[in-house]
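Chemist: Could you work out the structure for the sequence below:
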Amino acid sequence: MRGDGREWIVDARGCDPAALASLPVVCALLDRAVRELGLRVVGEPLWHVFPPPGGITGLLLLAESHLSVHTFPEHGSLCLNLFCCTDRPEWDFAARLREAVGATRVDVRRLQRHYASATAPASTA
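Modeler: Below you'll find the predicted structure:
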C-alpha cells in the first residue's frame with residue numbers, strides 16, 4: 001500500500017494591508033478553502049493577532065492534516081500552507097487570494113508527500 005499526500009506552500013504578495021490585519025477576512029479565506037476542498041476541521045481553530053503593524057497567525061487542525069496562515073500587513077504578504085494526507089483537487093489559490101486580500105502575485109508550490117510505500121522499508125531512526 002502506498003501513502004501519498006499533497007502539500008501546497010503558497011506565498012502571496014501585493015496584498016491589502018488592512019485585509020491582512022482583519023481576522024474576519026482571514027477566517028473567511030480559510031473557511032472557504034475548507035468548504036470548497038471538502039476538508040474536515042478537528043477542534044477549534046487557533047488564532048493569534050499581533051499588535052499593529054503585525055498580522056495574524058492561524059492554524060486549523062484537519063482530519064486530513066493541517067492548514068496554516070501567516071499574514072504580514074507591514075510587507076503586504078501572506079504565507080499559507082495546506083497539507084492533506086489524501087489526494088485533493090487543485091484549488092485556485094491565486095484567484096481566491098486576489099478576491100480575499102487583493103494579492104497581485106501568488107506563487108504556489110505543490111509537493112507530493114510520500115509517507116508510506118509497499119516497496120520501501122520503514123525508517124528505524
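Chemist: If you average the pLDDT over the longest helix along the chain, what comes out?
Modeler: Taking DSSP state H as the criterion, the chain has its longest helix at helix 23-37. Average pLDDT, helix 23-37: 97.
Chemist: One more: stretch 41-49?
Modeler: Here the average pLDDT along stretch 41-49 is 97.
Chemist: now what about it, what contacts it?
Modeler: Stretch 41-49 is contacted from outside by 23, 27, 30, 34, 55-63, using Cβ atoms under 8 Å, 6 or more residues apart in numbering. The C-beta positions use only the backbone N, C-alpha and C, and glycine is treated the same way.
Chemist: For it, buried residues please.
Modeler: In terms of neighbour count (16 or more other Cβ atoms under 10 Å), stretch 41-49 has no buried residues at all.
Chemist: Let's see it as PDB, backbone CA atoms only.
Modeler: C-alpha atoms of stretch 41-49 as PDB (Å, rounded to 0.1, in the frame of the first residue of the first chain):
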ATOM      1  CA  VAL A  41     -11.700  20.700  10.800                       C
ATOM      2  CA  VAL A  42     -10.900  18.900  14.100                       C
ATOM      3  CA  GLY A  43     -11.400  21.000  17.200                       C
ATOM      4  CA  GLU A  44     -11.300  24.800  17.400                       C
ATOM      5  CA  PRO A  45      -9.100  27.000  15.100                       C
ATOM      6  CA  LEU A  46      -6.200  28.600  16.800                       C
ATOM      7  CA  TRP A  47      -5.600  32.300  16.100                       C
ATOM      8  CA  HIS A  48      -3.000  34.900  17.200                       C
ATOM      9  CA  VAL A  49      -3.400  38.500  16.300                       C
END
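Chemist: From W8, how far out is L111?
Modeler: Distance, L111 to W8, using Cβ to Cβ, to the nearest Å: 8 Å.
Chemist: Neighbour count: those two, which is higher?
Modeler: W8 (19 against 11; other Cβ atoms under 10 Å).
Chemist: Check that one and give its pLDDT.
Modeler: Taking W8 on its own, its pLDDT is 96.
Chemist: Tell me which stretches of the chain form strands.
Modeler: Using DSSP state E, the strands of the chain run over 3-13, 46-49, 56-61, 65-72, 77-84, 105-116.
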